[in-house]
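J.: Build me a model:
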Amino acid sequence: MRLLIATLLVTASILSPFSALAQSADVEATIKTVNMNSLSLTLDDGNTYKVPEEFNFEGLKPGVKVVVFYTVTDGSRVVDDLQVVE
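T.: Got it, this is the predicted structure:
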């Protein structure tokens, strides 16, 4: 039993740095394009951000300044939250 617990602790300590890679980041930028068909936003920082299917595009259009909170998943920036900057 002790060997099993020790193995689990070693595995967890080795893999813990990888959890830092999935942390959320944020960016403040202006919307360049809104694509409701591909569920994505392109900002003036040059990056495209994917949004979930239930995302509400209301009020979002080119020229609107936003703060996007996102996570990089499989090389794509996925929006976790979005706030319009007034």
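J.: Note down every partner strand of the longest strand along the chain and its orientation.
T.: As assigned by DSSP state E, the longest strand anywhere in the chain is strand 25-35. Neighbouring strands of strand 25-35 in its sheet, by DSSP bridges, are strand 40-43 (antiparallel), strand 65-73 (antiparallel).
J.: Pull the residues that contact it.
T.: 41-45, 47, 57, 60-72, 85 (Cβ atoms under 8 Å, 6 or more residues apart in numbering). (Glycine included, C-beta is placed from N, CA and C.)
J.: And the average pLDDT for that strand is what?
T.: For strand 25-35, the per-residue pLDDT values average out at 95.
J.: Please apply the same query to stretch 42-55.
T.: Mean per-residue pLDDT for stretch 42-55: 94.
J.: quick one: buried residues of it?
T.: 42-43, 49, 51 (16 or more other Cβ atoms under 10 Å).
J.: For stretch 58-71, list every residue counted as buried.
T.: Of the residues in stretch 58-71, those buried by neighbour count under the rule 16+ other Cβ under 10 Å are 60, 66, 68, 70.
J.: Now do the contacts for the third one.
T.: Under the criterion of Cβ under 8 Å, 6+ apart, the neighbours of V68 are 26-29, 41, 43, 49, 79, 81-82.
J.: Kindly state the beta-bridge partners for the residue lying closest to P62 once chain neighbours are set aside.
T.: On the basis of Cβ to Cβ, 6 or more residues apart in numbering, the spatially nearest residue to P62 that is not a chain neighbour turns out to be I31, at 5.5 Å. Beta bridges link I31 to L43 when assigned by DSSP bridges.
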